[in-house]
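Participant: need coordinates for the following:
(one chain, ligands or ions: 2)
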Amino acid sequence: MSFPGSWIPRRLLRVLASGTTDGSFLQIVRANYRDKAASQSLTCYLRTPFATQFLRERSWVSFRTPESDSLLYQFPKYVSTEVENSEARDQHPMKAAKVVFVLGGPGSGKGTQCALIVEHFGFTHLSAGDLLRAEIKSGSQNGAMIQSMIKEGKIVPSEVTVKLLQKAMLSSDNDKFLIDGFPRNEENRSAFELITGIRPEFILFFECSEKEMEKRVLGRNEGRIDDNIETIKKRFKVFIDSGLPVLKHYDSLGKLRKINGDRMKEEVFESVRPLFTAFAKKD
Ligand SMILES: Nc1ncnc2c1ncn2[C@@H]1O[C@H](COP(=O)(O)OP(=O)(O)OP(=O)(O)O)[C@@H](O)[C@H]1O
Ligand SMILES: O=c1ccn([C@@H]2O[C@H](COP(=O)(O)O)[C@@H](O)[C@H]2O)c(=O)[nH]1
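Facilitator: Numbering: from 1, shown residues only. Ligands and ions are numbered 1, 2, ... in the order given. As a prediction, the model looks like this:
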């Protein structure tokens, strides 16, 4: 079905997410438009300089370039029906999952504290960085791109990371997740919320001085390609430039829980513990 943007008056469009993929601009919009012939709503389409084809498949809404037919972006179908059909949204298998985002600069102790939370509160720990490193090791076609982004301390495109997180959540028996080191920017955040339909319960943020974080990362000795002084400086900058707006967003929603991560790990955990005790009671 050919679906040129000009069919739909701009006033009927609402932007749901935007970002870049394959170097091209991507914008997902909702169109308040009913295709009478097909008697169905067209809810999303992709705007790039070259992609104009809209395909509705059995369980996915996919967007492809007309020239190469290569897949640019794929969403579960519920995303396309989400706005129109609240019943479909409520049936989404991930909707019931409880998620806590664990954020902080490199070496602030996120992974260390997550291990303690798992032990005491039965969450499943998903480190976005670990999932990306596993993807490199698996020999995936994205491996080389991910490796070079990590080496430069850059943020891997949301569609890659969200897909890995989504897969890990769907293949888990648990419904409580600590998502560590994600979202790293506002685009990560909106892509995750749009694709999974999940809003985090709260955000655990470890505040730590750069001096302490640098010392910890350089002493970590796990053979990571980004644990060197040059990349660490870049990672600090990315955290300030892209990560702080995410924290600001959740702070405005009253979901940010700040923890002083500069102390010994046992002391830090004593500040973390009450948050999860309260959550367990509520749950
Ligand atoms: N409170 C602490 N005091 C001293 N060392 C710590 C503390 N917490 C963690 N560490 C050590 O610091 C290093 C980094 O910790 P960790 O991997 O938990 O940080 P992170 O925030 O997950 O880092 P990254 O984002 O780079 O993956 C590890 O070697 C860990 O053992
Ligand atoms: O959501 C994410 C998480 C990580 N990255 C990239 O991986 C490295 C390492 O992440 P850690 O959380 O320190 O393990 C990070 O610097 C990014 O390059 C990402 O792009 N998106």
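
Participant: residues near the residue in the stretch 51-200 of the chain that ligand 2 sits nearest to, how many?
Facilitator: Scanning the stretch 51-200 of the chain for the residue nearest ligand 2 gives G129, at 2.0 Å (criterion: C-beta to the nearest ligand atom). For every residue, glycine as well, the C-beta is placed using N, CA and C. The number of residues packed near G129 is 19, by other C-beta atoms under 10 Å.

Participant: so how far is K215 from it?
Facilitator: 19 Å (C-beta to C-beta, to the nearest Å).

Participant: now swap in G223 and tell me
Facilitator: Counting by C-beta to C-beta, the gap from G223 to K215 is 18 Å.

Participant: between the two, point out the one with more neighbours.
Facilitator: Applying other C-beta under 10 Å to G223 and K215 shows that K215 carries more neighbours, namely 12 against 6.

Participant: give the contact list for the more buried one.
Facilitator: The contact partners of K215, taken as C-beta atoms under 8 Å, 6 or more residues apart in numbering, are G107.

Participant: likewise for the one 10 residues further on?
Facilitator: Taking C-beta under 8 Å, 6+ apart as the contact definition, I225 lies against 147, 150-151, 231.

Participant: likewise L204?
Facilitator: Counting by C-beta under 8 Å, 6+ apart, the residues that L204 touches are 100-103, 113, 257, 259, 272, 275.

Participant: next structured bit after the helix or strand where C114 lies?
Facilitator: C114 belongs to helix 110-121 when assigned by DSSP states H and E. Once the chain leaves helix 110-121, the next helix or strand it forms, by DSSP H and E, is strand 124-127.

Participant: may I have the helix holding C114 as PDB, with CA atoms only?
Facilitator: What follows is helix 110-121 as a C-alpha-only set of coordinates in PDB (Å, rounded to 0.1, in the frame of the first residue of the first chain):
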ATOM      1  CA  LYS A 110      25.000   0.300  39.500                       C
ATOM      2  CA  GLY A 111      26.000  -3.300  38.700                       C
ATOM      3  CA  THR A 112      27.300  -3.800  42.300                       C
ATOM      4  CA  GLN A 113      24.100  -2.600  43.900                       C
ATOM      5  CA  CYS A 114      21.900  -4.500  41.400                       C
ATOM      6  CA  ALA A 115      23.500  -7.700  42.400                       C
ATOM      7  CA  LEU A 116      22.600  -7.000  46.100                       C
ATOM      8  CA  ILE A 117      19.000  -6.000  45.100                       C
ATOM      9  CA  VAL A 118      18.600  -9.300  43.100                       C
ATOM     10  CA  GLU A 119      19.900 -11.300  46.200                       C
ATOM     11  CA  HIS A 120      17.500  -9.600  48.600                       C
ATOM     12  CA  PHE A 121      14.500  -8.700  46.600                       C
END
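
Participant: pretty sure the residue of the stretch 51-200 of the chain closest to ligand 2 is touching G181, no?
Facilitator: Yes - in this structure G129 lies within contact range of G181 using C-beta atoms under 8 Å: 4.9 Å.

Participant: what parts of the stretch 51-200 of the chain come near ligand 2?
Facilitator: By C-beta under 6 Å from any ligand atom, the residues of the stretch 51-200 of the chain that approach ligand 2 are 106, 127-129, 132, 149-150, 153-156, 161, 181-182, 184.

Participant: nearest to ligand 1 among the contacts of L204?
Facilitator: Using C-beta to the nearest ligand atom as the measure, the one of the contacts of L204 that approaches ligand 1 most closely is Q113, at 6.9 Å.

Participant: how does the protein divide into domains?
Facilitator: What automatic domain parsing lists as the domains of the chain is 13-74, 92-282.

Participant: tell me which of those sits nearest to ligand 1.
Facilitator: Nearest to ligand 1, of all the domains of the chain, is domain 92-282, at 3.3 Å by C-beta to the nearest ligand atom.

Participant: shaky segments in this structure?
Facilitator: Scanning the chain for pLDDT under 70 picks out 1-95.

Participant: quick one: the helices in it?
Facilitator: For the chain, helices defined by DSSP state H occupy the ranges 77-82, 86-90, 110-121, 128-137, 143-151, 158-170, 186-196, 210-220, 229-238, 244-252, 265-282.
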